[in-house]
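> coordinates only, sequence not included:
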């Protein structure tokens, strides 16, 4: 009987765990934060429920690192996987090299999701990856992001 | 070690127990003995009625067993549902609305102001470079077509 109860509770906990999957799960860039987020030379930021420029972001997650080709290659591979489902893709290529990418992903429930990537070899934090989730309109957030300087 | 063999009762003992059964004075042990006797094959036809009666009661007991199993399954399913819902509710209400953490060179920073500044700097990195398209479009704005 005790064994039966343990099995039932285990099943219940597994069911609960599957409910707690958030919008970021299922995205390839999640692996970037997991793999490189706490490494030396990397800055990773995670903020939820904060406002930027009057827009409330449910989740802001970013990763910045100096010039590192293996990290930038891995990030681009992940972005290539995630861009397949993107609603909008904006890409800037300079001298044959991808310098920045912006993906506007399909909404998940109430959440708009954006991925921004920048590779600037002249900058100290050459490689930047940002993931944003917000209940605000994704186009409004994009306008805010692109207008700011 | 002595093995205790369960002996079935004789026909005479069975007849006596049957009479007691109809009088409603048999104990559980006596009924069990009688049941065991009636399960035997090759019994005279005079026991057919009692075999039918005890067979019916055994079917009812089996049915009760099935009902008990169904109740157990339902109880288990209800427990799973309650735990799942409780967990989901706890997650929804206990989950903090605000969270700020940063890792710099693997070192954790939880000061809200510092974390927000780091986030804004990161955003600036992207914004500074993401105006290429706007700059290119801006060039056309100056051309007098």
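Alright, I've got the coordinates. Given the structure is predicted, the values throughout are model-derived calculations rather than measurements.
> Where does the prediction get shaky in chain B?
For chain B, the stretches flagged by pLDDT under 70 are B:1-7, B:56-68, B:88-97, B:127-145.
> all helices for it, in order.
Assigned by DSSP state H, chain B shows helices spanning B:11-23, B:28-38, B:48-94, B:112-129, B:132-142.
> Show me where chain A has its strands.
Along chain A, the segments classed as strands by DSSP state E run A:42-48, A:50-52, A:55-57, A:59-65, A:88-94, A:97-108, A:111-119, A:127-134.
> Any idea which of the ones you listed has the lowest pLDDT on average?
Of all the strands of chain A, the minimum mean pLDDT falls on strand A:50-52 (a mean of 78).
> Quickly run through the sheet partners of that strand, with directions.
strand A:55-57 (antiparallel) (DSSP bridges).
> Chain B versus residue A:89, what's the distance?
Relative to chain B, residue A:89 is positioned 13 Å away (C-beta to the nearest C-beta, to the nearest Å). From N, CA and C alone the C-beta is placed, and that goes for glycine too.
> Count residues in the vicinity of that residue, would you?
By other C-beta atoms under 10 Å in any protein chain shown, the residues close to residue A:89 number 13.
> ok, now residue A:38?
Using other C-beta under 10 Å, residue A:38 has 15 neighbouring residues.
> how about it, phi and psi?
As for residue A:38, its main-chain torsions (degrees, to the nearest 10) stand at phi -110, psi 20.
> Verify the stated contact: residue A:115 with residue A:138.
No: in this structure, residue A:115 is not within contact of residue A:138 by C-beta atoms under 8 Å, at 11.3 Å.
> So for these two, which residue has more residues nearby?
Applying other C-beta under 10 Å to residue A:115 and residue A:138 shows that residue A:115 carries more neighbours, namely 24 against 21.
> give me the beta-bridge partners of the residue most central in space within chain A?
Nearest to the mean C-alpha position of chain A, counting by C-alpha atoms, centre = their mean, stands residue A:131 at 3.0 Å. In this entry, residue A:131 is beta-bridged to residue A:61, residue A:115, by DSSP bridges.
> What residues does it make contact with?
When contacts are counted by C-beta atoms under 8 Å, 6 or more residues apart in numbering or on different chains, residue A:131 touches A:24, A:27, A:29, A:33, A:59-62, A:113-116.
> can you tell me how far it sits from residue A:112?
Remark: distance between residue A:131 and residue A:112 (C-beta to C-beta, to the nearest Å) = 12 Å.
> Nearest approach to residue B:22 belongs to which of the strands of chain A?
strand A:97-108 (73.1 Å; C-beta to C-beta).
> ok, longest strand in chain B?
The longest strand of chain B (DSSP E) is strand B:99-104.
> residues making contact with that one?
Outside of strand B:99-104, the residues within contact range by C-beta under 8 Å, 6+ apart are A:37-38, A:42-50, B:108-110, B:112, B:114-116, B:118-119.
> Partner strands of it, with direction?
Strand B:99-104 has the following sheet partners, assigned by DSSP bridges: strand A:42-48 (antiparallel), strand B:107-109 (antiparallel).
> What residues sit buried inside the shortest one?
Pointing back at strand B:107-109 there. Neighbour counts over strand B:107-109 (16 or more other C-beta atoms under 10 Å in any protein chain shown) mark no residue as buried.
> How about residues contacting it?
With contacts defined as C-beta under 8 Å, 6+ apart, strand B:107-109 is touched by B:101-103, B:115, B:118.
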